[in-house]
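Visitor: sequence plus the predicted model coming up.
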Amino acid sequence: MTEQAPFSSWDLPFWYRKLSRFSKLIGAAGATIAVAGFIVAAVNLAFGVSIWQNPSERYRVELADHAKPIIDASYSLLAKPGVTERLLGIEDIPQRRAAMEAIFTSYIEDGGLEGTLEQAVDTYDRIVRCHASWFCRFDDYDSLNDQMINVWFSYAGKIQQMRGKVTALDFGVPLEHEAERLRAKQKARVG
C-alpha cells in the first residue's frame with residue numbers, strides 16, 4: 001500500500017497561482033460590470049433614453065399633462081360649424097392641407113400654446129425613439145398611432161416653423177417620420 005503524502009507536500013505554489021488567477025478574473029468581471037453600469041447611467045442621463053426600462057407610465061403622464069389641449073383642439077377645431085365644409089370645398093389637396101394647418105397654427109399662436117406644443121412633441125419624439133430602440137419598451141404603443149398621426153398632420157406647419165428658431169433643428173422629426181409611416185400603413189390597409 002502506498003502512503004498518502006502529508007499536507008505539506010502538496011504543490012502550494014500551484015494552488016496559489018490558480019487562486020490568484022481566479023481572483024484577478026473576478027476583479028476584472030466586477031470592473032467590467034461597474035463600467036457598463038456607469039455607461040448605461042450616463043446614456044440615460046445625457047439622452048433621456050431609458051435603457052432596459054419601461055417608461056410607459058411616465059410618458060403617459062407627460063402626454064396627459066402636455067398633449068391634452070393639443071389633442072383636444074385637433075379634434076374640436078374641425079368640429080366647429082362650417083369649418084369642415086369650408087375645408088372640403090377646397091379641391092386642391094395641398095391647399096386644403098395648408099388651410100387646415102393655418103387654422104391650427106393660429107390656434108397655437110393665439111392661445112400662446114407654443115410651449116405646450118413643444119413639450120407634447122418632445123414627449124412623442126421620446127416615445128418614438130424608445131419604441132425604435134432595442135433597450136426600451138413602451139406598453140401598447142399602437143394605442144398612440146392615431147394621436148401621433150393627428151398631432152403631426154394638424155400641427156406640422158407650426159412644428160416646422162418652430163424648427164431652428166425656438167427649438168432644435170431636429171424638433172419633431174421622429175414624430176414626423178413615424179406619423180407619415182403610420183399614415184401610409186393606414187392608407188395601404190384601407191385601400
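Guide: Okay, I see it. In this text the structure is predicted, and so the values were computed from the model without any measurement. Numbering: from 1, shown residues only.
Visitor: how distant is the longest helix belonging to the chain from the center of its chain?
Guide: For the chain, the longest helix by residue count, based on DSSP state H, is helix 12-47. Centre-to-centre, helix 12-47 and its host chain are 32 Å apart (Cα atoms, centre = their mean, to the nearest Å).
Visitor: go on, stretch 93-105?
Guide: So, by Cα atoms, centre = their mean, the centroid of stretch 93-105 is 27 Å from its chain's centroid.
Visitor: so what touches that stretch?
Guide: Stretch 93-105 is touched from outside by 73-74, 77-78, 83, 86-88, 90, 153-158, 161, with contacts defined as Cβ atoms under 8 Å, 6 or more residues apart in numbering. To be clear about C-beta, it is placed using only N, CA and C from the backbone, and glycine gets the same treatment.
Visitor: mind running it again at 6 Å?
Guide: With Cβ atoms under 6 Å, 6 or more residues apart in numbering as the test, stretch 93-105 has contacts from Leu77, Leu87, Ile90, Ser154, Tyr155, Gly157, Lys158.
Visitor: for PyMOL, write the select line for the buried members of those.
Guide: Burial among the contacts of stretch 93-105 is assessed by 16 or more other Cβ atoms under 10 Å; the matching PyMOL selection reads:
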select buried, resi 77+154+155+157+158
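Visitor: please enumerate the strands of this structure.
Guide: Applying DSSP state E to the chain gives no strands.
Visitor: quick one, helices of the chain?
Guide: Assigned by DSSP H, the helices in the chain fall at 12-47, 56-62, 68-79, 83-88, 93-111, 114-132, 145-162, 173-190.
Visitor: so where's this protein shaky on pLDDT?
Guide: Low-confidence segments of the chain (pLDDT under 70): 1-10, 48-53, 191.
Visitor: and with 80 instead?
Guide: Judged by pLDDT under 80, the chain has its weakly predicted residues at 1-16, 40-41, 43-55, 74-75, 134-137, 191.
Visitor: follow-up on the earlier one: of all the helices of the chain, which lies closest to Asp139?
Guide: Ranking the helices of the chain by proximity to Asp139 (Cβ to Cβ) places helix 56-62 first, at 4.1 Å.
Visitor: give me the contact list for the closest one.
Guide: Helix 56-62 has contacts (Cβ under 6 Å, 6+ apart) with Thr123, Ile127, Phe138, Asp139.
Visitor: just give me the neighbour total for the second one.
Guide: Residues lying near Ile127 (other Cβ atoms under 10 Å) number 25.
Visitor: residues contacting it?
Guide: Contact analysis of Ile127 by Cβ under 6 Å, 6+ apart lists Tyr59, Phe138.
Visitor: distance of it from Ser106?
Guide: 27 Å (Cβ to Cβ, to the nearest Å).
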